[in-house]
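>>> mind looking at a prediction? Sequence and model below.
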Amino acid sequence: MILLCDEDVGTKAPRALTLVGYDVRSLFQMHWHAKQDTWWLAEAGDRGWLVFSRNHKMLLVPTERTVIQKHKVGVVYLTSGHEHPASMLRLLLKKWEWLEEIDRSLQRPFARFLSPDGRVSDSYRTRKL
């Protein structure tokens with residue numbers, strides 16, 4: 001599994017995960033941070049990468065939602081956008097086996113929502129794929 005972290009996630013948690021042997025990329029590392037969300041979402045979907053993002057509002061943007069569906073993107077959204085890198089890193093490490101499982105087993109496209117306390121849902125507020 002390759003986990004692609006969008007620019008809202010930053011670079012610290014992805015870099016730390018890479019240093020301990022996980023295959024994690026950031027939009028900054030890929031030099032995709034200046035690209036439109038529709039562009040990099042299509043790339044991630046076409047490559048079969050799992051996306052991790054804080055920006056669950058992309059499900060409300062028609063063009064971004066369409067790209068997620070058309071390119072069969074699997075996305076995990078962090079439900080709180082206020083996590084510090086260390087907290088996000090602990091959460092990703094704690095949930096890594098679950099991330100691998102959904103990457104391997106869920107039919108794409110899909111969206112899952114991960115709360116800072118580790119709870120998982122297939123919807124958040126009015127957002128659902």
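The structure has been received and is ready for your questions.

>>> how far out from the middle of the chain is the helix or strand hosting Asp103?
Assessed by DSSP states H and E, Asp103 sits inside helix 96-105. Mean-position distance between helix 96-105 and its chain equals 12 Å (C-alpha atoms, centre = their mean, to the nearest Å).

>>> identify the neighbouring strands of the helix or strand just after that helix in the sheet and state each direction.
Downstream of helix 96-105, the first helix or strand assigned by DSSP H and E is strand 110-114. Using DSSP bridges, strand 110-114 pairs in its sheet with strand 74-78 (parallel), strand 120-121 (antiparallel).

>>> now render those strands as JSON lines, adding mean neighbour count and mean pLDDT.
Heads up, the C-betas are built off the backbone N, CA and C, glycines and all. Shown next, in JSON lines, are those (neighbours: other C-beta atoms under 10 Å; pLDDT from 0 to 100):
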{"stretch": "strand 74-78", "mean neighbour count": "23", "mean pLDDT": "96"}
{"stretch": "strand 120-121", "mean neighbour count": "13", "mean pLDDT": "93"}
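
>>> can I get the ones you listed in JSON lines including distance to Phe113?
Formatted as JSON lines, the strands paired with strand 110-114 follow (distance: least, C-beta to C-beta, whole Å):
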{"stretch": "strand 74-78", "distance to Phe113": "5"}
{"stretch": "strand 120-121", "distance to Phe113": "5"}
